[in-house]
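Student: got a sequence here, can you model it:
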Amino acid sequence: MIPKVMSWKRDTVADLESLLTSGKTIAVIDIHGVPAGSMIGMRATLRDSMDIRVAKKRLMRLAWEKVGYDLDSLEQLFEGAVQPALVASDGIDSFQMFKDLKATEAGRAAKPGDVAPHQIVVEKMDTGMGPGPIVGELNSVGIPAKIMGGSVHIQKRTVVLEEGEVFEGDLGMMLSKIGINPIVTGLRLIGTLEDGVIFRPDVLDIDYTAFESDLIGFAAGAFNVACNIGWFTPQTTPVLLAKASSEALAVALEVAHLSATTMPHLLARAQRAAIGVAGSLDSSALDDELAAMLGAAADAAAAAATVAESADAAPAEAEEEEEEEEEEAGFGGLGDLFG
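Tutor: Predicted coordinates:
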C-alpha cells in the first residue's frame, strides 16, 4: 500500500518549486534565533526585493531536485545553517542580496546555553553606572569592578569567554548591562546560487567605501600614466594639448620668437630688463619717462613692504592687547581680594 502524502506537503513543495524558478539569484539563509515578531517585520521590509520561504529540509530537497538543480549544491548551502530558509530574487544579484540581509542583523543579550560567536572581551572602562548591587553582580560573573569617583569602573581588561564556549548563569545579562550584546540575530546569509556559481558571505562582504576609493585611485594613476606617455583619448587630449601649448610657449619665449601670443610676454620682459638697467644709472642720465617708471616701481615696492610689515605687526599687537587684558583682569582680582 502506497502511503498517502499529506496535501500540505504537496502544496509546500509546489510553492518552493515556484520560488526556485522565479528568481535568477537563489540563496539559503539561517533564521535560527530570530523572534517570530522580528521575522514578520524583516520579511515585510524585504518583500519588494526578495521572496523568503521557510520549510523542512526534506521538502526543500524535493523541490530542488524537481526544478533540476544539483542536490550537492543545496547540501553545500545547508552547511552551517541551523534553521535554513530558501530565498529567491529576480531583481538583485548576490552582492546586493547579502547587503540587504546584512542590514537585518542586530545584537542581543546572550542567554544561558548560547555559544560565544567570538572571544568576549570586557575592556577597562567607566560604566557610567552609579554605586549599587551592580558591583557585586559584575564581580560574581568574573568581571572585576569597583566604585571610583561616584561610578562603577571595570578595573582591567578581561576575557570572559573564548569563541565556542557556552554562556552560563547571569553572564549574558550582566554583559548586556554594560553594553555588550554579542549574539547577532537576523537573516544570516549562508550562501547564494547564481548562474550555477555558489557565492559565500566572505566573497560577498565588500567594503564599498574602500572599493570606491580604490577605483578612484586606480583611475587617477591610469590617467597620470596616459598623460606621461602621451596616450591620446577623449579624457587625456585636453590635458595633453594644454601641456603642449605651455611647453611651446616656453620654447618660443626662450628663443624670442615674435608672434601675437609671445609679443606681450617679450615686451613685458624687455620692459623689466630696461627698468633694471635704468635703476643702476645715475638719475641725470634718465629722461622723464624712465624716471617716472622708476618712481612708480619704487612706490609699488614700498607699498608692498608696508603691507607685509602690517601683516606681521598685527598678530604681535593682538598678543600685546591680550596680555594687557590679562594683566588688568589680574589686578582687578587683587583689588577685589584686598577690598
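
Student: and residue 126, backbone torsions?
Tutor: Taking degrees, to the nearest 10, you get phi -100, psi 120 for the backbone angles of residue 126.

Student: I misspoke; the intended subject was residue 119.
Tutor: phi -60, psi 130.

Student: pretty sure it sits against residue 159.
Tutor: Yes: the pair formed by residue 119 and residue 159 meets the contact definition of CB atoms under 8 Å, at 6.2 Å. Yep, even glycine has a C-beta here, placed from its N, CA and C like the rest.

Student: looking at these two, which is more packed in?
Tutor: Neighbours around residue 119 and residue 159, counted as other CB atoms under 10 Å, are more numerous at residue 119. The numbers are 13 against 10.

Student: tell me the pLDDT of that one.
Tutor: Note on residue 119: pLDDT of 93.

Student: ok, it - contacts?
Tutor: 159, 161, 162, 163 (CB atoms under 8 Å, 6 or more residues apart in numbering).

Student: now for the last one: which residues touch it?
Tutor: Okay, so that is residue 163. Taking CB under 8 Å, 6+ apart as the test, what residue 163 contacts is 116, 117, 118, 119.

Student: most neighbours of all those residues, which one?
Tutor: residue 116 (19 neighbours).

Student: grab the nearest non-local neighbour of it.
Tutor: Distances taken as CB to CB, 6 or more residues apart in numbering put residue 161 closest to residue 116, at 4.4 Å, once the chain neighbours are dropped.

Student: so what sits opposite that neighbour in the bridge?
Tutor: residue 120 (DSSP bridges).

Student: residue 169 is in contact with that one, correct?
Tutor: No: contact criterion CB under 8 Å: residue 161 and residue 169 do not qualify, at 11.9 Å.

Student: and the two? which has more neighbours close in?
Tutor: More crowded of residue 161 and residue 169, by other CB under 10 Å: residue 161, with 22 against 10.

Student: could you report the pLDDT at that one?
Tutor: For residue 161, pLDDT reads 92.

Student: what of residue 285?
Tutor: The model's pLDDT for residue 285 equals 62.

Student: helix/strand/coil for residue 153?
Tutor: Under DSSP: H, G, I helix; E, B strand; the rest coil, the three-state class of residue 153 is strand.

Student: partner residues bridging it?
Tutor: Beta-bridge partners of residue 153, as defined by DSSP bridges: residue 126, residue 146.

Student: list the contacts of it.
Tutor: Here residue 153 is in contact with 124, 125, 126, 127, 145, 146, 147 (criterion: CB under 8 Å, 6+ apart).

Student: any idea how far the nearest residue to the second one once chain neighbours are set aside is from residue 126?
Tutor: Spelled out, it's residue 125. The shortest distance from residue 125 to any non-neighbouring residue, by CB to CB, 6+ apart, is to residue 154 (5.2 Å). Separation of residue 154 from residue 126 (CB to CB, to the nearest Å) stands at 8 Å.

Student: between these two, which is the more surrounded one?
Tutor: Taking neighbours as other CB under 10 Å, residue 154 and residue 126 compare with residue 154 leading, 18 against 11.

Student: A helix includes residue 86, no?
Tutor: No: using three-state DSSP, the assignment for residue 86 is strand, not a helix.

Student: is the spatially closest residue to it that is not a sequence neighbour in a helix, a strand, or coil?
Tutor: Using CB to CB, 6+ apart and skipping residues adjacent in sequence, the residue nearest residue 86 is residue 53, 4.9 Å away. Under the three-state scheme (three-state DSSP), residue 53 adopts strand.

Student: who's in contact with residue 53?
Tutor: 15, 16, 19, 85, 86, 87.

Student: equivalent analysis for residue 251, please.
Tutor: Counting by CB under 8 Å, 6+ apart, residue 251 has contacts residue 257.

Student: burial count for residue 151?
Tutor: Around residue 151 there are 12 residues (other CB under 10 Å).

Student: just the helices in the stretch 51-200 of the chain please.
Tutor: Here the stretch 51-200 of the chain has its helices, by DSSP state H, counting those that start in this stretch, at 57-66, 71-78, 94-102, 134-140, 171-177.

Student: can I get those helices in a markdown table including distance to residue 186?
Tutor: Formatted as a markdown table, the helices of the stretch 51-200 of the chain follow (distance: least, CB to CB, whole Å):
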| stretch | distance to residue 186 |
| --- | --- |
| helix 57-66 | 21 |
| helix 71-78 | 18 |
| helix 94-102 | 7 |
| helix 134-140 | 28 |
| helix 171-177 | 17 |
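
Student: how about those helices, which one is nearest residue 249?
Tutor: Minimum separation from residue 249 across the helices of the stretch 51-200 of the chain (CB to CB) falls at helix 94-102, 50.3 Å.

Student: by contact count, what packs against the closest one?
Tutor: The contact analysis (3 or more CB pairs under 8 Å, 6 or more residues apart in numbering; DSSP states H and E) places helix 94-102 against strand 25-30, strand 84-89, strand 188-194, helix 201-204.

Student: and of these, who's closest to residue 73?
Tutor: Judging the helices and strands packed on helix 94-102 by CB to CB, what sits closest to residue 73 is strand 188-194, at 5.9 Å.

Student: residues in contact with the closest one?
Tutor: 24-31, 69, 73, 76-81, 84, 93-94, 97-98, 101-102, 105, 198-201, 204.

Student: just the angle for that strand relative to helix 71-78, thanks.
Tutor: 150 degrees (axes from the mean of the first three to the mean of the last three CA atoms, to 10 degrees).
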